[in-house]
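In: A predicted structure for the sequence below; I have some questions about it.
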Amino acid sequence: MSPFARPCLFWLVYMGSLGMAFPFYGLYLGTYGGLSAVEVGAVLSMLPLVGLVAQPLWGQVADRTGARSGVLACLVVATGCANLVVWRASGFVELLLATGVLAAFGSAVMPVALSVSLAVLQHDGRHAFGIARAIGTFGYLVAVVAFPLMLRATAGDAPGPGGASPMLGWMFPAIALLASSSGVFAWTLPREGGVAARAKQPGLRHLLGNAALVRLLAYAFSAYLFLNGPIQLFPLFVRSLGGGLDALSRMWVLMLLLEIPLMAWVGGLRLRLGARGLLALGVVASGLRWAGSAFVQELDVAALLGVLHGVAVVGLGIGAAVYVEEVVPDELRSTGQGLLAAVGIGLGGILSNLVCGWLFDRVGAQATYLGCGAGALLLGLATPLVLPRTGREHAALSHR
């Protein structure tokens, strides 16, 4: 197996497991788990809450040992096993604790996987990482579409609790199988060169003294503050327009279809725009989507705006990870990615969910989306003022 094929297979299989987990976990909790809406929200909040500690912690383990590929493999296998724990849990308290166990490992997979992949593929051409990550998005898309069809083929149209498929609980063994399989591919990833650089001392204090990284953390916190709540509340927004699960599923397919080619070409975008340009592009695209959604009255128009989701994921998600790679020493790359995830998706995401949920109930979807969209637009346009150029960007400008 070629060195390039290994990270591609890892992303394909691991993102496939996420394609079963992310869209359907809340549905499982509210049907088979028998939880109220408040209890579902509390259980789901365990993922980012535990991630605040787990993400930088596992990043430090990876950096101090230099065994990033091995740590990644252990994390995804442990995530698979934790899904089996969730499968056997029942009742609010057990599901809350089991989700905390899942978050202790699963929340750290993405930042460690990004640090490993960017290091492993850095000499394989500017499009190598983007292609590998795009293959992962394709795996996510296949799982989102195929899993409900598999459930329907297995159980027919017989309704389960809350109208869900009676086979829905089997998502957890399926996720465990895919996650564990991705761990096998992670174990085969290279363990020399930049991916094996070892930190000689704890890196958090050093990183918090890095002015460029601190400014990125503040930027990421602000971005996710404006953007995380709207995407989490998107099913409620679709329902307010008269749409149901079928409409939501079709929208997600459109959102992911654009993301795949953009992700594959992210190396070219990085060359032309730089990390700051990618971030500005992603945040502005999200701002346009949510501000525009405030004036939408039809599902077709909302679906059209949803195409901007791919731009947002590539711009914000990959742009922030690339910025970390350019301003953080190689031996602290995993801690840097973990810190970014904890502050942005963790702190910013939690606060965004709380504030947007409160606003959604009291002032409505339109006002909530308009406020978040306007804030994101202002932040995106201010990107060059907030974030300094990286060394790579300076070098690129000097060669023009």
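Out: On my side now, so go ahead.

In: going forward, measure contacts between C-alpha atoms and count neighbours the same way
Out: Fine.

In: what sits against residue 128?
Out: Listed by Cα atoms under 8 Å, 6 or more residues apart in numbering, the contact set of residue 128 reads 4, 121, 122, 267.

In: for the stretch 1-150 of the chain, what are the low-confidence residue spans?
Out: The model of the stretch 1-150 of the chain has pLDDT under 70 over residues 1, 37.

In: rewinding a little: filter the contacts of residue 128 to the buried ones?
Out: Neighbour-count burial (16 or more other Cα atoms under 10 Å) is assigned, among these, to 4, 121, 267.

In: My guess is the first one contacts residue 122. True?
Out: Think residue 4. No: in this structure, residue 4 is not within contact of residue 122 by Cα atoms under 8 Å, at 10.8 Å.

In: can you give me the helices in the stretch 1-150 of the chain?
Out: Assigned by DSSP state H, counting those that start in this stretch, the helices in the stretch 1-150 of the chain fall at 5-31, 37-65, 68-88, 91-106, 109-120, 128-155.

In: Can you lay out the buried ones among the contacts of residue 128 as JSON lines showing distance to residue 208?
Out: Shown next, in JSON lines, are those (distance: Cα to Cα, whole Å):
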{"residue": "4", "distance to residue 208": "33"}
{"residue": "121", "distance to residue 208": "27"}
{"residue": "267", "distance to residue 208": "28"}
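
In: Grab the nearest non-local neighbour of residue 344.
Out: Nearest residue to residue 344, sequence neighbours excluded (Cα to Cα, 6 or more residues apart in numbering): residue 221, at 4.3 Å.

In: Am I right that the one you found is in contact with residue 343?
Out: Yes: contact criterion Cα under 8 Å: residue 221 and residue 343 qualify, at 5.9 Å.

In: shared neighbours, these two?
Out: With Cα under 8 Å, 6+ apart as the test, residue 221 and residue 343 reach no residue in common.

In: And for the strand or helix carrying residue 262, what's in contact with it?
Out: Assigned by DSSP states H and E, residue 262 belongs to helix 245-264. When contacts are defined by Cα under 8 Å, 6+ apart, helix 245-264 is touched by residues 127, 129-135, 137-138, 141, 145, 235, 238, 303, 306-311, 313-314.

In: PyMOL command to pick out the buried ones of those residues?
Out: Restricted to buried positions by 16+ other Cα under 10 Å, the PyMOL selection for those reads:
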select buried, resi 127+129+130+131+132+133+134+135+137+138+141+145+235+238+303+306+307+308+309+310+311+313+314
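
In: Pull out the buried residues from the helix or strand hosting residue 267.
Out: If you go by DSSP H and E, residue 267 is part of helix 266-293. Within helix 266-293, the residues scored as buried using 16+ other Cα under 10 Å are 266-267, 269-270, 273-293.

In: For it, which helices and strands make contact with it?
Out: Secondary-structure packing of helix 266-293 (3 or more Cα pairs under 8 Å, 6 or more residues apart in numbering; DSSP states H and E): helix 128-155, helix 211-232, helix 299-306, helix 308-312, helix 319-327, helix 365-381, helix 383-386.

In: After the second one, which helix or strand is next?
Out: This means helix 211-232. helix 234-240.

In: So which bits of that next one are buried?
Out: 235, 236, 237, 238.

In: Also stretch 15-28?
Out: Judged by neighbour count using 16+ other Cα under 10 Å, the buried positions of stretch 15-28 are 15, 16, 17, 18, 19, 20, 21, 24, 25, 26, 27, 28.

In: And for stretch 342-358?
Out: For stretch 342-358, burial by neighbour count (16+ other Cα under 10 Å) applies to 342-353, 356-357.

In: Which pair of those spans the longest distance?
Out: Pairwise distances across the buried residues of stretch 342-358 peak at 20.8 Å for 342 and 357 (criterion: Cα to Cα).

In: Skip the chain neighbours and tell me the closest residue to residue 185.
Out: Here the residue nearest residue 185, using Cα to Cα, 6+ apart, is residue 10, at 5.4 Å.

In: State the distance from the one you found to residue 151.
Out: Note on residue 10: its distance to residue 151, by Cα to Cα, to the nearest Å, is 25 Å.

In: Have a look at those two and say which one is more surrounded.
Out: residue 10 (29 against 18; other Cα atoms under 10 Å).

In: Now do the same contact list for the more buried one.
Out: Going by Cα under 8 Å, 6+ apart, the list of residues near residue 10 reads 136, 182, 183, 185, 186.

In: Likewise for residue 6?
Out: 185, 186, 188, 189.

In: which of those lies closest to residue 102?
Out: Closest approach to residue 102 among the contacts of residue 6 (Cα to Cα): residue 186, at 18.8 Å.

In: and the angle from whichever strand or helix holds the closest one to helix 91-106?
Out: Secondary structure from DSSP H and E places residue 186 in helix 171-187. Here helix 171-187 points in a direction 10 degrees away from that of helix 91-106 (axes from the mean of the first three to the mean of the last three Cα atoms, to 10 degrees).

In: if I look at residue 364, how far off is residue 358?
Out: 9 Å.

In: Number of residues surrounding residue 193?
Out: 9.

In: how much space is there between residue 171 and residue 19?
Out: Using Cα to Cα, residue 171 is found at 10 Å from residue 19.

In: State the number of residues packed around the closest residue to residue 172 other than its chain neighbours.
Out: Distance criterion Cα to Cα, 6+ apart; nearest residue to residue 172, sequence neighbours excluded, is residue 83 at 5.4 Å. Residue 83 is flanked by 25 other residues according to other Cα under 10 Å.

In: give the contact list for residue 83.
Out: 102, 172, 173, 175, 176 are the contacts of residue 83 under Cα under 8 Å, 6+ apart.

In: mind putting the residues you listed in JSON lines, distance to residue 331 included?
Out: Shown next, in JSON lines, are these (distance: Cα to Cα, whole Å):
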{"residue": "102", "distance to residue 331": "27"}
{"residue": "172", "distance to residue 331": "35"}
{"residue": "173", "distance to residue 331": "36"}
{"residue": "175", "distance to residue 331": "32"}
{"residue": "176", "distance to residue 331": "31"}
